[in-house]
Every structure is written in C-alpha cells, then in structure tokens.
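> Pasted the sequence and its predicted model underneath.
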Protein chains: 2
Amino acid sequence: MESYFGAVEAGGTKFRCGIGSSDGTWFTETRIETRTPKETLAEVVDFFASAGSRVSAVGVGSFGPLDLDPDSKTFEQITTTPKPGWSGADIPGALRAALKVPVMMDTDVNAAALGEHRWGAGQGLDVLLYLTIGTGIGGGLVVDGRPVHGLVHPEMGHVRVPVTAAGEFPGVCPYHGNCFEGLASGPAMAARWGRPAETLPEDHPGWGAEAEIIAAALHGFVATVSPQRIILGGGIMHHRGLLDAIRQRLQDSLNGYVRSPVLLERIEEYLVSPALGDRAGLAGGLVLAAAARR
Amino acid sequence: MESYFGAVEAGGTKFRCGIGSSDGTWFTETRIETRTPKETLAEVVDFFASAGSRVSAVGVGSFGPLDLDPDSKTFEQITTTPKPGWSGADIPGALRAALKVPVMMDTDVNAAALGEHRWGAGQGLDVLLYLTIGTGIGGGLVVDGRPVHGLVHPEMGHVRVPVTAAGEFPGVCPYHGNCFEGLASGPAMAARWGRPAETLPEDHPGWGAEAEIIAAALHGFVATVSPQRIILGGGIMHHRGLLDAIRQRLQDSLNGYVRSPVLLERIEEYLVSPALGDRAGLAGGLVLAAAARR
C-alpha cells in the first residue's frame, strides 16, 4: 500500500502543511496563519485529520531554537523564541496525541537542507550546507544524509563576522549585537539603512555591504566544515546580483587557499540558489516523516 | 589470529610510527626525523618491514593540506605545503607499494579527533571537534564516528576572527594575514611579541589576547557545527591558565544564547584537554588502519 506522509513547515508568521508521498509527489497542501500554539496546532491537526488520505507519519521543520536532545526534559520544545506564547510549545507532542502517528521534528533549515539533499540542489553530496537569509539567518548541515544536531543544533546566524563593511553599525542581535544575523538579516538592513531591504535601490551601498558580510560568514563555514556546496535561500537572496557579488567576495576572501577546482574556477556551481525555491522546507518534512516511520 | 596495525603520524619535523592492536595496545614505536620524502618514507617502510609482527594495514595522519578527493588525479598527495620537497608527496602510495597492505590516510587533526573519539575525551559523542594550536592551527571534526572531509577537509585555522584583541597586528598568514592561525599560532605570537610564546611571562598581556582570539574562533565553531565537546591540544595550550581563560571568554562571547547546560554551567566539561595528550594522532592511526582493512 502506498504511504502518505504529512509535512509541516512551522514558521513565525505561517504554517505550511502538505500531504505527499515518499517520492516527493504532493497531493494537497494548505497555509495556516500562526496565532497561539493552541489555535494554530488545532488547525494543523484538522488539516491532516480531514484529508481524504490518512498520513502514516508527519515530519516537521520548525522555527526555533529547538531542544533536540532526547535526554532533555524539554525535548522537542521551542525554547527561547521571542514569538509570544511559543516558548515551550511542543508541536510533535500535539500532533502525536491527536493523530496517533510517528512524528519527527527538526529545525526549519535542517528540513530545507534535507529537502534540497533529496530532490534539489544537494543531491548525492556528503556534506551540504543550506543557509537562509531573511527575517532571521539560519543554517542546516547535512552530513552523510543526516542533519547534524550535536550539542543543540547549529546556529549559523550567530557566528561573529569580521567585517569593515559593518562600519559603525552596532547590529540588532539582542544577544550578540553585530553577529551575522545582527548585521545581515532583513531587520538588520532595515535598521541600518532606514527602510525595508526590498525598497533599497539596486545601486545602494547597502547591497555591497550585505555581500561582504555574507561572504565573510561563508568563509568561516567553508573553513570549518568544508561543505561540497552551499545553498543560499531566504528573502534577502532574491535581490538581483547579490548572489554573484557574494561569489566574487568569497573567492577574494579565501584567496586561493582552499585548492578545490569548484571553488577556484566554478564558484557558480558552489554557491547556488535552492532548486526547490521556497518549497525546500516542506519537502524536507516528507524526508523527516519517512524517517519517523522507520 | 590477532591483527597488528601500523600507525603513522606524519609531521613537518618528525614522523612517529607505531605498531599496535585494534584495542589500542602498543607493541613498539619509533620517531623518524622528517627529511626528504624519499629518505623519510624509506625509514618508515623499514620500521614496519623489520618489525617482528607483520602489520595487516597502516593508518596515516599527516600534515597537509591533503587532497582527499578519490576522484582527483592528486588523491592522497600533500598539496600546497611550504615544507620543501613535500608538495606532491604521496605517503600512502609509497607505503602500499613497499608493504603490500591497505593504507588509509587522513589529516593529522582528523586522526587525533578519531583517536580521542575512540579512546580519549570524545568517546561516544556524535559530533566531536579536536583543535590543535601550536606551530599551526588545525581542526578535525568527527560526525557519527567518521571524519568529515566534504569538499577538501576542514581548515579551521583559516577562519577569520573578529577580535579587537589583535590590535594593529596584521597577522602572519601568507594567505589571509589575520585569520585564526595568522593571529594565534606559535609563530604569530612570536612575531607579535618579539619572543617565543613559551618564554612570555604568565602575566604578559599576550596571553589574554591569545585567549580572546581562540574564544572568538570557538564561538564560530560552536555556532556552525554545534560540537558536543571541543578538545584543545597543541603546544600553545600547555600554557597554565590559558584553557580556563578561554572557557570564560567563550561563555562571555556566546552570552547565554546557546541554551545547553554544559555550555552554561559546566564549561570545564565542554572545553577540555586531550585525554591521550600528544598521542591522540598516533592512536587515530590505528583507527584508520582498522578502517583500511575493512
């Protein structure tokens, strides 16, 4: 019998839910506005419960930070989010209780990395990094087909970056000020330049600074985990020319030290856009659901 | 029949060679001065060939950078080393030709990480980072028991670090100037303070700067790969009080963002010295040899 899997991409403004099969075919999907956990999760449950095809497992990629330590008392809860009402929310617990199926959760960026690894721009790679640059900045790391958690999970938006491009701007991260997210997220650009990033003209110096900050962070990721490819998603990356500017600056920053042909000669194959666009996270939900059922 | 494995730690000033068993017991070992590849490797071969117990495989942890891409024409060669005569050296090839046994090579720091993972301070961990800070700086990353290579292999000494502690010092890295190794290696300290690091008095401001630079790099490693533990080896780390100073500064830098009890409350269990001391790399050679024979 064909298996149907449920996928959830849990975000701060909306939840996307879909039902699909293990080969990545989608049957139906919906979007739910993020309100309180109780209201939102009731709608999510209702979507899966009322679907014509019963799902055999659900995979969730969620905003965080998340507690992914199975030995922790707060395992699978959202921890220190500023989103009102969501600290301590247990999405997998709620879905298991209502739907009586296995549920596996990971970070939204690990889910997106898994989706791109299975069906997108990261197929067949041993070490894949997926980075999203938008309202927040986060990275997912897939090694040998599995998302890396380690102590907690990567928090790549919170590396500190050495850049003169930041000028006197102190950054907006409440924890670190001028960390990567504090300097280069959408809200950071808006705070620095006095208007939303998407309204900055193409020749605004903010875009050059943005490329330099992102390239500085990528230099660190390349030297630390040696990914075979880096996928750059998120709203900020939709800006025309930004990806090319980052490619150039990353090569400048590494300065030929890492002797890999793809870095030295084919950087356009190394730093790429998500092949699944903004559907990578939902696709990763299917991968997580399949893993939950095993 | 009991299996004997050969282990080689290939360094720029000496080669250490040992014969041991898969449980980590050592039978004999030797040190060989690093001269030309031909002279040095002839001595290494001689050591293994003349040992009473024939080895069934050899594992090599080597200085680098190394080409670890099996599809590359220069697979297993040392690539861009400034060490005269060693660019293009093929250590595993020479050992296989002479000894007729399987040989597996990895970076010296990946070997040390494997040794500590099997018998030392990293036992049972899913994500372990081993860092050496001495003449050079390098890091090995073991995920699910296997060293991460990815595109090439990690080059953690070459992350750029955002530190005011560097002052006006431009760093000594020929590629990046003030990257981590350019600021914090032994030669960097010597260049900055005008005397060898080991002769700097305990209250010299150089040690505070060193702790701050190392902590800045560690902040990036924690945020990028979320290791469950970080092992800090190498000559510079022998300085009394340095490890404690780094622990304090890492907590300050992360500023409570990564909500893990071991980071927040038991940092002395998180940043640790190698349990195998300077024998971690040789121990990792046994792990590599066992993997070569499989």
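Ah, there it is.

> hey, which helix is longest across chain A?
Secondary structure of chain A per DSSP state H: the longest helix is helix A:205-225.

> after that helix comes which helix or strand?
Moving toward the C-terminus from helix A:205-225, the next helix or strand (DSSP states H and E) is strand A:229-233.

> Pull the residues that contact whatever helix or strand comes next after that next one.
Per DSSP H and E, strand A:229-233 leads on to helix A:242-254 as the next helix or strand towards the C-terminus. Outside helix A:242-254, the residues that touch it by Cβ atoms under 8 Å, 6 or more residues apart in numbering or on different chains are A:207-208, A:210-212, A:214-216, A:218-219, A:222, A:232, A:236-237, A:263-264, A:267-268, A:270-271, A:273, B:160, B:175-176. From N, CA and C alone the C-beta is placed, and that goes for glycine too.

> quick one: average pLDDT of helix A:242-254?
For helix A:242-254, mean pLDDT is 97.

> ok so, going back, buried stuff in the longest helix of chain A?
Across helix A:205-225, burial judged by 16 or more other Cβ atoms under 10 Å in any protein chain shown covers A:206-207, A:209-225.

> filter these down to the ones close to chain B.
A:216, A:219-225 (Cβ under 8 Å from any Cβ of the partner chain).

> Which stretches in the stretch 1-150 of chain A count as helices?
With DSSP state H, counting those that start in this stretch, the ranges of helices along the stretch 1-150 of chain A come out as A:37-50, A:91-99, A:108-119.

> picking that back up, tell me the one among the ones next to chain B among the buried residues of helix A:205-225 nearest to B:Pro102.
When these are ranked by distance to B:Pro102 (Cβ to Cβ), A:Val225 comes first, at 27.6 Å.

> May I ask you to confirm that that closest one is in contact with B:Leu141?
Yes. Using Cβ atoms under 8 Å, A:Val225 is in contact with B:Leu141, at 6.7 Å.

> Spell out which residues are contacts of both of those two.
Listed contacts common to A:Val225 and B:Leu141 are B:148, B:154, B:225; contacts here mean Cβ under 8 Å, 6+ apart.

> quick check, nearest of those residues to chain A?
Nearest to chain A among those: B:Pro154, at 5.0 Å, using Cβ to the nearest Cβ.

> Number of residues surrounding the closest residue to that closest one other than its chain neighbours?
Sequence neighbours aside, A:Ser226 is the residue nearest to B:Pro154 in space, at 5.0 Å (criterion: Cβ to Cβ, 6 or more residues apart in numbering or on different chains). Close neighbours of A:Ser226, defined as other Cβ atoms under 10 Å in any protein chain shown, add up to 23.

> repeat for A:Cys179
Here the count is done by other Cβ under 10 Å, and A:Cys179 has 30 residues near it.

> before we move on, the earlier item: closest one of the shared contacts of A:Val225 and B:Leu141 to B:Pro37?
Proximity of the shared contacts of A:Val225 and B:Leu141 to B:Pro37 (Cβ to Cβ) peaks at B:Pro154, which lies at 24.6 Å.

> and that closest one, what element?
Following DSSP H and E, one finds B:Pro154 outside all helices and strands.

> contacting residues around it?
A:223-226, B:138-141, B:148.

> so which of those comes closest to B:Ala112?
B:Ala112 has its nearest neighbour among these in B:Gly140, at 5.9 Å by Cβ to Cβ.

> Any idea what that closest one is bridged to?
For B:Gly140, the beta-bridge partners are B:Tyr130 (DSSP bridges).

> which bits of the stretch 151-294 of chain A sit near chain B?
Proximity of the stretch 151-294 of chain A to chain B (Cβ under 8 Å from any Cβ) is limited to residues A:151-163, A:175-176, A:216, A:219-228, A:253-260, A:262-263.

> which of those residues count as buried?
The neighbour count (16+ other Cβ under 10 Å) marks A:151-163, A:176, A:216, A:219-228, A:253-254, A:257-258, A:260, A:263 as buried among these.

> which residues touch the residue nearest in space to the middle of chain A?
Nearest to the geometric centre of chain A sits A:Val109, at 2.4 Å (Cα atoms, centre = their mean). The contact partners of A:Val109, by Cβ under 8 Å, 6+ apart, come to A:61, A:130-132, A:138-140, A:156, A:281.

> could you redo the last one with a cut-off of 7 Å?
Neighbour list for A:Val109: A:130, A:132, A:138-140 [criterion: Cβ atoms under 7 Å, 6 or more residues apart in numbering or on different chains].

> Could you do A:Asp67 as well?
A:Asp67 makes contact with A:74-77, A:79, according to Cβ under 7 Å, 6+ apart.

> Is it possible to mark the buried ones in those?
Buried by 16+ other Cβ under 10 Å: A:76-77, A:79, out of those.

> min pLDDT across the residues you listed, which one?
Lowest pLDDT among the buried ones among the contacts of A:Asp67: A:Thr79, with 89.

> Excluding chain neighbours, what is closest to that residue?
Counting by Cβ to Cβ, 6+ apart, A:Thr79 lies nearest to A:Pro65, which is 4.9 Å off, once chain neighbours are set aside.

> So the one you found is in contact with A:Thr80, correct?
Yes. In this structure, A:Pro65 is within contact of A:Thr80 by Cβ atoms under 7 Å, at 5.8 Å.

> Common neighbours of the two, please.
Counting by Cβ under 7 Å, 6+ apart, the contacts common to A:Pro65 and A:Thr80 are B:Arg259.

> Between these two, tell me which one has more neighbours.
Ranked by neighbour count (other Cβ under 10 Å), A:Pro65 and A:Thr80 place A:Pro65 first, with 21 against 14.

> residues contacting that one?
Applying Cβ under 7 Å, 6+ apart to A:Pro65 gives the contacts A:79-80, A:152, A:155, B:259.

> Which segments of chain A make up each domain?
A:4-108+A:278-293, A:121-273 (automatic domain parsing).

> With distance to B:Phe48 as extra columns, can I get those domains in CSV?
Below are the domains of chain A laid out as CSV (distance: least, Cβ to Cβ, whole Å):
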stretch, distance to B:Phe48
domain A:4-108+A:278-293, 44
domain A:121-273, 30
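
> Just give me the neighbour total for the closest residue to A:Gly18 other than its chain neighbours.
Closest residue to A:Gly18 apart from its sequence neighbours, by Cβ to Cβ, 6+ apart: A:Glu29 at 3.6 Å. Other residues within reach of A:Glu29, judged by other Cβ under 10 Å, total 15.

> So A:Glu29 sits against A:Gly20, correct?
No. In this structure, A:Glu29 is not within contact of A:Gly20 by Cβ under 7 Å, at 8.2 Å.

> for chain A, where's the lowest mean pLDDT among helices and strands?
Ranked by mean pLDDT, DSSP states H and E, the helix or strand of chain A with the weakest confidence is helix A:261-264, at a mean of 94.

> what does that helix contact?
Outside helix A:261-264, the residues that reach it (Cβ under 7 Å, 6+ apart) are A:254, A:256, A:269-270.

> Closest to B:Ala98 out of the residues you listed?
For the contacts of helix A:261-264, the nearest to B:Ala98 is A:Gly256 (34.4 Å; Cβ to Cβ).

> That closest one sits in which helix or strand?
Applying DSSP H and E, one finds A:Gly256 in no helix or strand.

> Go ahead and confirm A:Val152 touches B:Ser226.
Yes. Counting by Cβ under 7 Å, A:Val152 does reach B:Ser226; the two are 5.5 Å apart.

> can you pull the pLDDT of the residue lying closest to A:Tyr257 once chain neighbours are set aside?
Nearest non-adjacent residue to A:Tyr257, counting by Cβ to Cβ, 6+ apart: B:Tyr175, 4.2 Å away. We have a pLDDT of 93 for B:Tyr175.

> what's the answer for A:Glu2, then?
61.

> Write out the residues of the stretch 1-150 of chain A neighbouring chain B.
A:65, A:79-80, A:126-127, A:141, A:143-144, A:148-150 (Cβ under 7 Å from any Cβ of the partner chain).
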